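[1] I would like the atomic coordinates for the input below:
(one chain, ligands or ions: 2)
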Amino acid sequence: MKLTIIGTGYVGLVTGACFAEMGSRVTCVDIDTAKIENLKKGILPIYEPGLERIVQENMADGTLQFTTRLEDAARDCQIFFIAVGTPPGEDGSADLQYVRRVAARIGQCMTDYAVIVDKSTVPVGTADQVAEVVQEALDTRGIDLEFDVVSNPEFLKEGAAIQDFLKPDRIIVGANSERAAKIMTRLYAPFSMNRDKMILMNVRDAEMTKYAANAMLATKISFMNEIANICEHLGVDVENVRKGIGSDSRIGYSFIYPGAGYGGSCFPKDVKALIKTSKDTGVDPAVLAAVENRNNLQKKVLAEKIKARLGTDLSGRRFALWGLAFKPGTDDMREAASIVLIDNLLAAGAIVCAYDPVAMAQAARELPEAWLESSRLILANDQYQALENADAMILVTEWKTFRRPDFKRMGQLLNQKIIFDGRNQYDPEEVAEFGFEYHGIGREAFHPADL
Ligand SMILES: NC(=O)C1=CN([C@@H]2O[C@H](COP(=O)(O)OP(=O)(O)OC[C@H]3O[C@@H](n4cnc5c(N)ncnc54)[C@H](O)[C@@H]3O)[C@@H](O)[C@H]2O)C=CC1
Ligand SMILES: O=C(O)[C@H]1O[C@H](OP(=O)(O)OP(=O)(O)OC[C@H]2O[C@@H](n3ccc(=O)[nH]c3=O)[C@H](O)[C@@H]2O)[C@H](O)[C@@H](O)[C@@H]1O
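    Residues are numbered from 1 along each chain as shown. Ligands and ions are numbered 1, 2, ... in the order given. Below you'll find the model as predicted:
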């Protein structure tokens with residue numbers, strides 16, 4: 001099958017590479033010329049484990065191509081995937097300007113019947129808008145071509161994107177025509193060899209399914225973060241509570257890890273967009289608003305703990321920050337908890353020395369210039385350098401390299417042996433044996449004297 005993927009970000013690039021890997025002929029299109037020039041040389045714009053190999057191999061085989069020219073890719077294309085960003089607009093709703101622009105371009109370039117797939121996360125009713133925009137462009141050309149707009153939301157997680165795409169739990173396809181449903185079923189057939197993964201429904205149901213899935217996962221996290229905060233005041237260890245409730249198969253172990261608040265490009269924006277949709281329909285988004293509110297509060301919890309321990313005025317204090325990316329396995333820093341924490345610490349007068357195994361270049365590009373120029377935010381060369389003369393170590397992202405560090409060496413480098421563990425990665429007793437005072441999320445502080 002001949003596919004065109006428009007937008008080569010996390011979703012578009014992974015989608016294009018994985019379909020090529022499964023045997024389709026794929027052209028990825030982006031308006032970002034620099035990105036496309038690099039991709040043509042096999043240089044990826046993002047860090048995603050396993051992606052580089054799949055891209056390079058399929059380029060070499062000729063099954064995966066990159067271009068900025070949609071008009072070239074569109075010739076005889078059977079399926080167009082729209083995979084551009086849908087960032088929050090001022091009122092919280094998903095901004096559809098990029099989706100609409102791409103829809104217009106497809107209408108200007110398509111040469112035959114095609115299925116147009118909304119892969120981007122878009123609100124209920126967007127497929128109808130896309131169809132209108134495509135039809136307008138065809139009318140302007142004076143051409144009568146048939147097409148169908150399908151919703152096929154993406155559920156991949158950054159850091160595990162290839163595995164999630166190639167071995168999905170389910171494939172949601174919303175199609176209102178049998179012709180389009182058949183084409184999508186054929187496209188995804190190689191993914192359903194052992195068990196039929198596809199769940200077919202109508203377009204609006206599929207659009208809503210994506211928001212409901214992300215909102216449900218965000219709800220689990222915010223719920224657990226709130227439980228954690230309650231535990232802490234009751235002398236209860238939330239890690240035992242987590243294991244206790246996770247063992248109930250109705251609850252399950254996943255997405256109940258407490259932390260410093262969820263980040264990333266999707267949960268915050270999708271919860272916001274669903275709140276707006278809910279309000280527009282006249283339904284009070286009581287649960288969704290609470291999920292968002294808890295998350296905003298949770299991102300401040302680490303700074304509050306630090307101030308409670310070391311004082312509200314942190315002038316002259318220095319902190320080692322381990323982890324900048326919004327989660328391990330990615331260099332993505334969008335809505336990362338680390339940003340809120342750094343902001344709070346700098347505002348209180350502190351100096352922060354940060355290290356992340358892959359997000360350093362991203363951090364240098366994306367963090368406010370004023371922070372870096374003031375020299376109060378320093379980007380360290382490695383995790384141990386970040387610790388030098390710091391008054392505490394703060395763990396924000398649970399990268400593998402941070403999980404079993406050399407505690408002895410850490411103790412020698414730090415000014416004060418204090419750990420603020422934003423991901424509950426360490427055993428309080430174990431670190432206390434190395435002389436550390438330990439502060440986690442949803443568990444009481446633990447001191448060497450408590451041993
Ligand atoms: N990042 C993720 O893990 C996931 C994202 N999604 C959804 O997928 C969509 C895309 O997200 P990301 O890939 O993270 O976005 P991104 O921001 O990483 O990439 C979007 C790409 O689209 C390109 N673009 C914008 N306008 C264009 C146009 N007119 N023609 C061609 N290219 C254009 C941009 O240059 C950029 O390369 C969003 O709706 C998001 O909510 C869904 C599941 C997972
Ligand atoms: O729509 C999207 O973009 C994607 O959003 C999330 O994927 P992603 O944001 O890449 O990463 P997650 O692994 O879901 O983590 C999101 C945030 O939640 C936090 N989290 C996750 C799980 C948990 O138990 N606790 C917790 O605090 C992570 O640290 C991270 O900040 C969803 O998991 C994907 O299914 C979805 O496709």
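[2] what residues are up against residue 212?
    residue 274 (CB atoms under 8 Å, 6 or more residues apart in numbering). (Glycine included, C-beta is placed from N, CA and C.)
[3] quick one: secondary structure of it?
    Put simply, residue 212 is helix when judged by DSSP: H, G, I helix; E, B strand; the rest coil.
[4] now residue 188
    On the three-state scheme (three-state DSSP), residue 188 is labelled helix.
[5] Tell me the pLDDT of it.
    At residue 188, the model reports a pLDDT of 96.
[6] That one: what's its closest spatial neighbour, skipping adjacent residues?
    Distance criterion CB to CB, 6 or more residues apart in numbering; nearest residue to residue 188, sequence neighbours excluded, is residue 171 at 5.3 Å.
[7] which ones are touching that neighbour?
    152, 188, 191, 192, 197, 198, 199.
[8] pretty sure the last one belongs to a strand, no?
    In this case it means residue 199. Yes: assessed by three-state DSSP, residue 199 belongs to a strand.
[9] what number of residues lie near it?
    Using other CB atoms under 10 Å, residue 199 is surrounded by 13 other residues.
[10] hang on, it packs against residue 173?
    Yes: assessed by CB atoms under 8 Å, residue 199 is found in contact with residue 173 at 7.3 Å.
[11] Determine the number of other residues adjacent to the residue in the chain that ligand 2 sits nearest to.
    The chain approaches ligand 2 most closely through residue 266 (2.9 Å), counting by CB to the nearest ligand atom. Using other CB under 10 Å, residue 266 is surrounded by 23 other residues.
[12] Could you find the closest non-adjacent residue to it?
    The shortest distance from residue 266 to any residue other than its chain neighbours is 6.0 Å, reached at residue 214 (CB to CB, 6+ apart).
[13] give me every residue that touches that neighbour.
    By CB under 8 Å, 6+ apart, residue 214 lies in contact with 121, 266, 267, 270, 271.
[14] possible to save those as TSV with distance to residue 313, secondary structure and pLDDT?
    Output for the contacts of residue 214, formatted as TSV (distance: CB to CB, whole Å; DSSP: H, G, I helix; E, B strand; the rest coil; pLDDT from 0 to 100):
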residue	distance to residue 313	secondary structure	pLDDT
121	42	coil	98
266	37	coil	95
267	33	helix	97
270	38	helix	98
271	34	helix	98
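[15] mind checking how far the residue nearest to residue 266 is from residue 198?
    Note on residue 214: its distance to residue 198, by CB to CB, to the nearest Å, is 20 Å.
[16] Now the phi/psi pair for the residue of the stretch 351-451 of the chain found nearest ligand 1, please.
    Ligand 1 sits closest to residue 362 of the stretch 351-451 of the chain, with a gap of 12.2 Å, by CB to the nearest ligand atom. Dihedral angles of residue 362 (phi, psi; degrees, to the nearest 10) stand at phi -60, psi -40.
[17] what's the burial count for it?
    Neighbours of residue 362 under the rule other CB under 10 Å: 20.
[18] Would you agree it is in contact with residue 332?
    Yes: Residue 362 is in contact with residue 332 according to CB under 8 Å; the separation is 7.3 Å.
[19] where do the contact lists of those two overlap?
    Among the neighbours of residue 362, those also in contact with residue 332 (CB under 8 Å, 6+ apart) are residue 325.
[20] ok, back up a step: who does the residue nearest to residue 188 bridge with?
    residue 198 (DSSP bridges).
[21] Show the contacting residues for residue 82.
    Taking CB under 8 Å, 6+ apart as the criterion, residue 82 is in contact with 6, 7, 99, 102, 103, 106, 116, 117, 118, 119, 120, 130.
[22] Just the element for the last one, please.
    Assigned by DSSP states H and E, residue 130 falls within helix 126-141.
[23] elements contacting that helix?
    Judged by 3 or more CB pairs under 8 Å, 6 or more residues apart in numbering; DSSP states H and E, helix 126-141 is in contact with helix 97-109, strand 114-118, strand 147-151, helix 203-234.
[24] Next, the angle helix 203-234 makes with the third one.
    Between strand 147-151 and helix 203-234, the angle comes out at 20 degrees (axes from the mean of the first three to the mean of the last three CA atoms, to 10 degrees).
[25] distance between strand 147-151 and the chain's centre?
    Offset of strand 147-151 from its chain centre (CA atoms, centre = their mean, to the nearest Å): 26 Å.
[26] Show me where the stretch 351-451 of the chain has its helices.
    Taking DSSP state H, counting those that start in this stretch as the criterion, the stretch 351-451 of the chain contains helices spanning 360-366, 369-373, 400-403, 407-413, 428-433.
[27] With just CA atoms, put the shortest one into PDB.
    What follows is the C-alpha trace of helix 400-403 in PDB, where atoms were taken according to Å, rounded to 0.1, in the frame of the first residue of the first chain:
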ATOM      1  CA  LYS A 400      18.000   3.500  34.700                       C
ATOM      2  CA  THR A 401      21.400   5.100  35.400                       C
ATOM      3  CA  PHE A 402      19.900   6.800  38.500                       C
ATOM      4  CA  ARG A 403      18.400   3.700  40.000                       C
END
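[28] Isn't residue 358 up against residue 327?
    No: using CB under 8 Å, residue 358 makes no contact with residue 327, being 11.4 Å away.
[29] State the mean pLDDT of stretch 251-263.
    Mean pLDDT, computed over stretch 251-263, is 98.
[30] Would you work out how far apart the start and end of it are?
    End-to-end span of stretch 251-263 (CA to CA, to the nearest Å): 22 Å.
[31] low-confidence ranges in the stretch 301-450 of the chain?
    Along the stretch 301-450 of the chain, the model assigns pLDDT under 70 to no residue.
[32] Which residue lies nearest the spatial centre of the chain?
    For the chain, residue 264 is the residue whose C-alpha lies nearest the centre (CA atoms, centre = their mean; 3.9 Å).
[33] need the contact list for residue 406.
    With contacts defined as CB under 8 Å, 6+ apart, the neighbours of residue 406 are residue 384.
[34] How about the residues of the stretch 301-450 of the chain by ligand 1?
    By CB under 6 Å from any ligand atom, no residue of the stretch 301-450 of the chain approaches ligand 1.
[35] Strands of the stretch 301-450 of the chain, residue ranges please.
    All strands of the stretch 301-450 of the chain, identified by DSSP state E, counting those that start in this stretch, fall at 318-322, 351-355, 377-379, 392-395, 418-421, 437-439.
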